[in-house]
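> let's see this in three dimensions:
(one chain, ligands or ions: 1)
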Amino acid sequence: MKERIDLLLREVEEFSTKATAEVESFRVEMLGKKGKITSLFNDFREMAGDQKKEFGRPLNELKKFAQEKVSELKADAEESSDSVSGEDLSRPANFTSLGSRHPVNLVKNEIVSIFRSIGFNVSAGPEIEDDWHNFTALNFPEEHPARDMQDTFFVERDPDWALRTHTSSVQVRVMENSKPPIRTISPGRVFRNEAISARSHCFFHQVEGLYIDKDVSFADLKQTLLYFAQEFFGPNTKIRLRPSYFPFTEPSAEMDVYWGLENERDYRMTKGTGWLEVLGCGMVDPNVLKNNGIDPEVYSGFAFGIGVERIALHRFQIPDIRMLFENDLRFLEQFKAAY
Ligand code: DAH
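Sure, this is the predicted structure:
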């Protein structure tokens, strides 16, 4: 018995392989039902009591040694097969974390695609503007208090340059560079020197719209905006136009959509009126057309400016505008499934 144990000890010790299948057949050869070590145990069971005392321990040690060897070889074989081919097709794929669109972009894209579908093209202008494009060409008189409607960030040392306070500046650039008919929307970021709070921020986004052609009327403006509102908020959406003032339009209006007054949140969001303010609009002032070389006797047009964040806050029921600009992934990841 002693010799057989020693022989097997050596055999186990000397065995070596890198192939998983060979490790398995070695295991069967040694520890399987009819394996060499198993049959030693069978013989052991037949022995007399005093012999059992002598061989019990070395036999158990042999078995343990063989088991350890098998698991070691198995681990080595698996590891080397991975690193050699690099193609263990049974392993789970690497996790790729997907990004998501920003809620402001989701809303902006939707607005843009609605207007594109009715023939508006998309235009863009610079975020740093001169006084002409942001104010003067838009009929803001010099030193006129209307300029205070929009608290401006000026570029240091040169009061002629500022961060644009609205995307209406792009209207001017489009009129400079093209002839009517004009049908364009200009999405972009704008800046105002305002205190940051839950409801207002020092930068935000607008989508500007401009339509100039012969015989464009206020009815065209109203119908275009109604179409937009029903595409965006739903087919039964009601709108209303309230008289307002902008230097670059005459007459001017603000458009509200009916949101409802069913619960406490509706009261809060609509200040108890049921109506949500969505955009400013109006007929392009003849002075603006003249400033940009378009004859107001021949052409007329309408314009509008939509606040993107304001709509995004309502659409996604976000309580605080600052959440849009903190880049907190826990917030942003919630919009993965939004569209
Ligand atoms: N520029 C305005 C603002 O920032 C929004 C606006 C109102 C744009 C009327 C327009 C318009 O084109 O016609 O508050």
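
> residue contacts, whichever residue of the stretch 101-250 of the chain sits closest to the ligand?
The minimum distance from the stretch 101-250 of the chain to the ligand, using CB to the nearest ligand atom, falls at His166 (3.4 Å). C-beta: built from backbone N, CA, C; applies to glycine. Residues counted as contacts of His166 (CB atoms under 8 Å, 6 or more residues apart in numbering) are Asn134, Gln150, Val190, Gln206, Glu208, Gly305.

> restrict those residues to contacts with the ligand.
Taking CB under 6 Å from any ligand atom as the test, the ligand is in contact with Glu208, Gly305 out of the contacts of His166.

> top of the contacts of His166 by neighbour count?
Gln206 (27 neighbours; other CB atoms under 10 Å).

> now that one, which residues is it bridged with?
Per DSSP bridges, the residues bridged to Gln206 are Gly188, Gly307.

> got a list of what it touches?
Counting by CB under 8 Å, 6+ apart, Gln206 has contacts His166, Thr167, Pro187, Gly188, Val190, Gly305, Ile306, Gly307, Val308.

> try it again with 7 Å
Shown in contact with Gln206 (CB atoms under 7 Å, 6 or more residues apart in numbering): His166, Thr167, Gly188, Val190, Gly305, Ile306, Gly307, Val308.

> residues contacting the strand or helix carrying Glu129, please?
Element membership for Glu129 (DSSP states H and E) is strand 128-130. With contacts defined as CB under 7 Å, 6+ apart, strand 128-130 is touched by Val155, Asp160, Trp161, Ala162, Leu163, Arg164, Ser169.

> what pairs with it, parallel or antiparallel?
strand 158-163 (antiparallel).

> now for Lys222: which residues touch it?
Contacts of Lys222 (CB under 7 Å, 6+ apart): Leu241.

> for it, which three-state class applies?
helix (DSSP: H, G, I helix; E, B strand; the rest coil).

> one more: Ser244?
Applying three-state DSSP: Ser244 is strand.

> quick check: residues of this protein near the ligand?
Residues of the chain lying near the ligand (CB under 6 Å from any ligand atom): His166, Ser168, Glu208, Phe246, Thr249, Gly280, Cys281, Gly282, Ala303, Phe304, Gly305.

> which of the contacts of His166 fall in strands?
Judged by DSSP state E, these include Val190, Gln206, Glu208, Gly305 as members of strands.

> between the residues of the chain next to the ligand, which has the most around it?
Neighbour counts for the residues of the chain next to the ligand (other CB under 10 Å) peak at Ser168, which has 30 neighbours.

> wait, it sits on Leu138?
Yes. With contacts counted by CB atoms under 7 Å, Ser168 reaches Leu138, the gap being 5.6 Å.

> shared neighbours, the two?
Phe248.

> residues contacting the closest residue to Glu208 other than its chain neighbours?
Distances taken as CB to CB, 6 or more residues apart in numbering place Thr167 nearest to Glu208, at 3.8 Å, with adjacent residues excluded. For Thr167, the contacting residues are Ser186, Gly188, Val190, Gln206, Glu208, Gly305, by CB under 7 Å, 6+ apart.

> Ala337: what secondary structure?
Classified using three-state DSSP, Ala337 is coil.

> where's the residue positioned nearest the centre of the chain, which helix or strand?
Closest residue to the average C-alpha location of the chain: Arg101 at 2.0 Å, with CA atoms, centre = their mean. Here Arg101 sits in a region with no helix or strand, counting by DSSP H and E.

> likewise the one 10 residues further on?
When elements are assigned from DSSP H and E, Ile111 belongs to helix 103-116.

> could you pull up the mean pLDDT of the helix or strand following that helix?
Per DSSP H and E, the first helix or strand lying C-terminal to helix 103-116 is strand 121-122. Strand 121-122 shows an average pLDDT of 97 in the prediction.

> off-centre distance for strand 121-122?
23 Å (CA atoms, centre = their mean, to the nearest Å).

> tell me which other helices or strands it touches.
Judged by 3 or more CB pairs under 7 Å, 6 or more residues apart in numbering; DSSP states H and E, strand 121-122 is in contact with strand 182-191.

> just to revisit the earlier point, determine which two of the contacts of His166 are furthest apart.
Gln150 and Glu208 (13.9 Å; CB to CB).
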